[in-house]
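Chemist: This is a predicted model, with the sequence first.
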Amino acid sequence: MSQRQAVAYIGAYLWRRERFGMLFTLVFAIYLGVINSAAIDGVLGGEEDVPRAINGLIDWVTLAMYPIFGMVMNKSSWNMWRDDYYSKRLAQWRTMPIPAASIVRARMLQSAVMLPIIGGVYLLAQYLLTPALRDYVTPMQWIENGLIWMCYALIIIPVIILMELGYTGKQYCLVYFGLMIAVALLSIVLTWQGVNVFHSVLNLIKDGYGPVTILGMAVVAAASVLIGHKLTIERIRRRSLPL
């Protein structure tokens, strides 16, 4: 089959198989937006009794969760360490006349659709539920903030997709949780040094540097997607897959 037919076939399969996982990711994003809004309101509202660690928590949630908005949360993803369902599914696709490039494109397209929808709902929930945030930035500035963080997510997501399609479930889990721990440690160190990434990005936008930051992040994100696309295709072609 042609690449377009293959992408359409895999896209339809992913929708049938993972639509409830996508919905769960959306619900999780709303929950996260509600919970995180209270912390942001306290920090931006200038409350004196807000613990310093809250800044680190906000940074960790922001850095760690945005890439997840382009991923599926379901039973298969949670059981990758034991079951490695994704490798089995990939092996099945490779027995069919489906090019490796089509598999990667369909998977990246899934994230490209999920990220703006779920990330947009997350941003909307935060803005509506955080009075101090509405006082601090305008709606347009908040949209700029969202675009910056979505570009950040698009830099990280190709790495996750490479691990998902190119390696075993256990290797994927080790790298994924390693990233989560690394982000947590980074947030702790930055908080200890008095640096708040979330707040700094907002201040950058308020100073008028939002458009140029978005442009720079978009260029890096595009490069990450292109490089990740190529590396994942090459890795799939070299993989020894279970039957």
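Modeler: That came through, no problem.
Chemist: Skip ahead from the helix or strand encompassing residue 117 and say which helix or strand is next.
Modeler: Using DSSP states H and E, the element containing residue 117 is helix 100-129. Sequence-wise, the next helix or strand downstream of helix 100-129 (DSSP H and E) is helix 131-136.
Chemist: Show me how far the helix or strand just after that following helix is from its chain's centre.
Modeler: Using DSSP H and E, the helix or strand that follows helix 131-136 in sequence is helix 139-166. Offset of helix 139-166 from its chain centre (Cα atoms, centre = their mean, to the nearest Å): 5 Å.
Chemist: can you state the direction angle for helix 139-166 and helix 100-129?
Modeler: 150 degrees (axes from the mean of the first three to the mean of the last three Cα atoms, to 10 degrees).
Chemist: Can you list the buried residues in helix 139-166?
Modeler: Buried residues in helix 139-166, counted by 16 or more other Cβ atoms under 10 Å: 142-166. In this view, the C-beta of every residue, glycine as well, is placed from N, C-alpha and C.
Chemist: Likewise for stretch 113-123?
Modeler: Across stretch 113-123, burial judged by 16+ other Cβ under 10 Å covers 114, 115, 116, 118, 119, 121, 122, 123.
Chemist: Run through who's touching it.
Modeler: Surrounding stretch 113-123, the residues in contact under the criterion Cβ atoms under 8 Å, 6 or more residues apart in numbering are 22, 25-26, 29-30, 32-33, 66, 69-72, 142-143, 145-146, 149-150, 153-154, 157.
Chemist: Which strands or helices does the lowest-mean-pLDDT helix or strand in the chain pack on?
Modeler: In the chain, the helix or strand scored least confidently by mean pLDDT, DSSP states H and E is helix 75-78, which has a mean of 70. Under the contact definition 3 or more Cβ pairs under 8 Å, 6 or more residues apart in numbering; DSSP states H and E, helix 75-78 sits against helix 3-44.
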